[in-house]
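Novice: what would the 3D arrangement of this be:
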Amino acid sequence: MRPRRRERVEEEKNTSLVYGKNPVAELLKGGTGVDTVLLADSMAPAVASYYTALAKEAGAVVKRVPANKLKLMTGTESHQGVAAFASEISYATVDELLAAAKEKGEAPCLVLSDGIEDPHKLGAVMRSALLCGAHGIVIPKRGSAAVTPTVLKSSAGAAERLPVARVANIGETIRRLKEQGVFVYCADMDGASLKKNNLTGPIALVLGSEGSGVSQLVKKLCDGVVSLDMAARNTGVDSYNVSVAAGIILYEIMSQRG
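Specialist: Down below sits the predicted model:
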């Protein structure tokens with residue numbers, strides 16, 4: 001047990017820890033990658049609800065911990081009952097992702113996240129994107145997991161090699177991509193079968209959360225909708241895991257381009 005505890009402490013020391021009510025609130029509002037928010041179990045319910053809502057918007061996990069643990073982690077009693085592990089990720093721009101594809105002499109292939117909140121799933125999506133030749137992934141500043149230490153671990157190193165752009169609005173990003181000749185697809189159950197689509201040109205694939213899928217506004221902006229065939233229908237299991245779906249679609253894109 002002791003070695004594991006030492007490993008956890010060392011991991012915590014290697015992560016940027018921000019504490020205090022105002023610093024953590026500004027961190028969550030500012031769009032910086034946040035993996036976990038720690039709230040003292042003695043914090044007032046109304047205050048805890050406020051930070052929980054901010055964390056959800058930032059794609060961070062909330063954990064309730066004893067106040068004494070926060071004291072030990074921050075080295076002070078002035079933590080005000082809240083702390084956050086912040087990642088130090090350097091994000092690219094969408095234009096830089098497109099430029100990277102041009103430098104390689106390839107038609108751009110981008111993946112856009114429209115509300116993938118689970119950092120483990122986002123990491124798995126990034127892993128498939130890298131292995132299938134995508135030039136980058138685009139995530140929103142609000143309502144989606146950021147590239148946190150959990151994402152880095154789940155991606156098996158892909159997050160450190162695949163460029164990531166973080167944008168204020170996915171819908172506006174789609175409009176800009178379409179203006180530059182990129183054909184934008186989204187994955188949804190009511191789309192045309194994946195195999196019936198030509199995926200060889202400049203392309204962007206939009207993936208939504210498992211709960212609600214791609215938002216209706218974003219879906220309307222897309223040029224096409226693709227769906228995956230399923231052998232087991234009417235079983236109550238009506239969709240693929242988003243990271244699995246991403247892998248299947250991206251592999252098909254790579255195959256058609258190959």
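
Novice: export the longest helix anywhere in the chain as CSV, just CAs?
Specialist: Using DSSP state H, we find that the single longest helix of the chain is helix 242-257. Output of helix 242-257 as CSV, limited to C-alpha atoms (Å, rounded to 0.1, in the frame of the first residue of the first chain):
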residue,chain,number,x,y,z
VAL,A,242,-18.6,7.0,-29.3
SER,A,243,-14.9,6.0,-29.3
VAL,A,244,-15.7,2.7,-31.0
ALA,A,245,-17.8,4.5,-33.6
ALA,A,246,-15.0,7.0,-34.2
GLY,A,247,-12.6,4.1,-34.8
ILE,A,248,-14.8,2.4,-37.3
ILE,A,249,-15.6,5.6,-39.3
LEU,A,250,-12.0,6.8,-39.3
TYR,A,251,-10.7,3.4,-40.4
GLU,A,252,-13.2,3.5,-43.3
ILE,A,253,-12.0,7.0,-44.2
MET,A,254,-8.4,5.8,-44.2
SER,A,255,-9.3,2.7,-46.3
GLN,A,256,-11.1,4.8,-48.9
ARG,A,257,-8.2,7.2,-49.1
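
Novice: quickly run through the sheet partners of the host helix or strand of V138, with directions.
Specialist: Element membership for V138 (DSSP states H and E) is strand 136-140. When pairing is defined by DSSP bridges, strand 136-140 lines up against strand 109-114 (parallel), strand 164-167 (parallel).

Novice: and the ones you listed as a markdown table, adding distance to A84, mean pLDDT and mean neighbour count?
Specialist: All C-beta atoms are positioned from the backbone trio N, CA, C, and that covers glycine. Formatted as a markdown table, these follow (distance: least, C-beta to C-beta, whole Å; pLDDT from 0 to 100; neighbours: other C-beta atoms under 10 Å):
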| stretch | distance to A84 | mean pLDDT | mean neighbour count |
| --- | --- | --- | --- |
| strand 109-114 | 21 | 96 | 26 |
| strand 164-167 | 17 | 92 | 21 |
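
Novice: out of those strands, flag the one nearest A25.
Specialist: Comparison of those against A25 by C-beta to C-beta identifies strand 164-167 as nearest, at 19.1 Å.

Novice: show me what secondary structure element comes after that closest one.
Specialist: Counting by DSSP H and E, what follows strand 164-167 is helix 170-179.

Novice: relative to strand 109-114, how tilted is that next one?
Specialist: For helix 170-179 against strand 109-114, the angle by axes from the mean of the first three to the mean of the last three C-alpha atoms, to 10 degrees is 160 degrees.

Novice: just checking, what packs against helix 170-179?
Specialist: Packed against helix 170-179 by the contact rule (3 or more C-beta pairs under 8 Å, 6 or more residues apart in numbering; DSSP states H and E) you find helix 94-103, strand 109-114, strand 136-140, strand 183-193, strand 203-208, helix 216-221.
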